[in-house]
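Novice: Using only what follows, build the 3D model:
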Amino acid sequence: MEEIEVKFLNIDPKLIEKKLKDIGAKKIFEKLYKRRVFDYPDLRLDKQGAWIRLRDEGEKKMLAFKQRVGVETHDGKTSDKGMEEVEVEISDLAKTAEILSKIGLKEKHYVENKRIRYQLDNIEFDIDSFPKLEPYLEIEASSWQEIDKAIKLLGLNPKDKKIFSTYQVYRLKGINVNDYKEITFKRMVKN
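Specialist: Numbers count the residues shown, from 1 in each chain. So this is what the prediction gives:
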């Protein structure tokens, strides 16, 4: 299923929160996400711009397959055409990780991020903070028309939107996530 979302990098979170409140968006939550990313030992998913994500969202646990679509570069300088995502809620992170291991996947890395979510109608606005990155805004909706509407409501420049993964944002900072086994707000541990 196509994931319809864009990112706006290097935002001022306080200014964006004010704009979101001004347009009537409601704050839904503020929490820490913990994700474990899996691939085959030969990194065949990574070579296809794909990965398996196991994410602890607090009250929910999610398993997802994600794949970049229309990849032109991996350096973060060029937007992709989109993202495919297949996601399901699970009940047990440890057992799911064990299943992934049993079918031949290995854990590539563990990454934390802080997320503040606002919602207006069916549009989600996430202010994301990751270790070593400036905060960015992610807008997700059910259609590209809704994305355009959200961009206009916030007074953002549509030319500044990015369609790519957090890994590409790290690449823009000169950080290859695959070089790390752990990226948290307290430390970054290399492989």
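
Novice: give me the number of residues near residue 174?
Specialist: When counting by other CB atoms under 10 Å, one arrives at 9 neighbours for residue 174. Yep, even glycine has a C-beta here, placed from its N, CA and C like the rest.

Novice: brain fart, residue 56
Specialist: Residues within reach of residue 56, counting by other CB under 10 Å, total 16.

Novice: for the one 10 residues further on, same thing?
Specialist: For residue 66, the tally of surrounding residues (other CB under 10 Å) stands at 18.

Novice: then whichever helix or strand it is part of to PDB, C-alphas only?
Specialist: Secondary structure assignment for residue 66, by DSSP states H and E: strand 61-69. Included here for strand 61-69 are C-alpha records, laid out as PDB according to Å, rounded to 0.1, in the frame of the first residue of the first chain:
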ATOM      1  CA  LYS A  61       3.500  -2.700  18.900                       C
ATOM      2  CA  MET A  62       3.800  -2.600  15.100                       C
ATOM      3  CA  LEU A  63       5.500  -4.800  12.400                       C
ATOM      4  CA  ALA A  64       6.100  -3.200   9.000                       C
ATOM      5  CA  PHE A  65       7.600  -3.800   5.600                       C
ATOM      6  CA  LYS A  66       8.700  -0.600   4.100                       C
ATOM      7  CA  GLN A  67      10.200   0.100   0.700                       C
ATOM      8  CA  ARG A  68      11.300   3.300  -1.100                       C
ATOM      9  CA  VAL A  69       9.700   3.600  -4.500                       C
END
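
Novice: if you average pLDDT over it, what comes out?
Specialist: For strand 61-69, the per-residue pLDDT values average out at 95.

Novice: That strand: which residues count as buried?
Specialist: Residues of strand 61-69 classed as buried: 61, 62, 63, 66, 67, 68 (neighbour count, 16 or more other CB atoms under 10 Å).

Novice: Now do that strand: which elements does it pack against?
Specialist: strand 50-56, strand 82-90, helix 93-102 (3 or more CB pairs under 8 Å, 6 or more residues apart in numbering; DSSP states H and E).

Novice: before we move on, back to that, please tabulate the buried residues of strand 61-69 in JSON lines, including the columns distance to residue 120.
Specialist: What follows is the buried residues of strand 61-69, written out as JSON lines (distance: CB to CB, whole Å):
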{"residue": "61", "distance to residue 120": "27"}
{"residue": "62", "distance to residue 120": "23"}
{"residue": "63", "distance to residue 120": "28"}
{"residue": "66", "distance to residue 120": "25"}
{"residue": "67", "distance to residue 120": "28"}
{"residue": "68", "distance to residue 120": "27"}
